[in-house]
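Trainee: Pasted the sequence and its predicted model underneath.
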Amino acid sequence: AGLIKTVLALQAGSVPPSVNLEVPNSRFRFEESALFVPDRTVPWAGPRVAGVSSFGFGGVNGHVVLAAVPDVPDADAAGPGLLT
């Protein structure tokens, strides 16, 4: 579910709100950090790159980093090219 939500957020270019968070941890000083917990949908600022982690029993963990494909001009107008 987290992977699907992240792919949809990257595609839409917006960060969805955090569900069921009413009061953030008071020990973390968000005002002194670049991090934030969104309480509403906000536009994605900067490059659209996100990470998803899944932690399982017995040390079986999975991690993936996703990035949105940058917008490119019309491929037909650009002519042939190389995809790396």
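Mentor: Great, that's in hand.
Trainee: residue boundaries of the helices in the chain?
Mentor: Ranges of helices within the chain are 2-12, 75-78, based on DSSP state H.
Trainee: where in this structure is pLDDT low?
Mentor: Filtered on pLDDT under 70, the chain yields the residue ranges 72-79.
Trainee: Would you mind measuring from the most centrally placed residue in it to G13?
Mentor: Compute the mean C-alpha point of the chain, and by C-alpha atoms, centre = their mean the closest residue is A50, 3.4 Å away. Distance from A50 to G13, counting by C-beta to C-beta, to the nearest Å: 12 Å. Backbone N, C-alpha and C define where each C-beta goes, glycine included.
Trainee: swap in D39?
Mentor: Note on D39: its distance to G13, by C-beta to C-beta, is 19 Å.
Trainee: what's the answer for A68, then?
Mentor: 7 Å.
Trainee: Return every residue with contacts to both of these two.
Mentor: Common contacts of A68 and G13 (C-beta atoms under 8 Å, 6 or more residues apart in numbering): R48.
Trainee: Neighbour count: those two, which is higher?
Mentor: The neighbour comparison of A68 against G13 (other C-beta atoms under 10 Å) goes to A68, with 16 against 11.
Trainee: Excluding covalently adjacent residues, which one is nearest to H63?
Mentor: Distances taken as C-beta to C-beta, 6 or more residues apart in numbering place S53 nearest to H63, at 4.9 Å, with adjacent residues excluded.
Trainee: Next: V42.
Mentor: Closest residue to V42 apart from its sequence neighbours, by C-beta to C-beta, 6+ apart: V15 at 5.1 Å.
Trainee: isn't that neighbour right next to G46, touching?
Mentor: No. Counting by C-beta atoms under 8 Å, V15 does not reach G46; the two are 11.0 Å apart.
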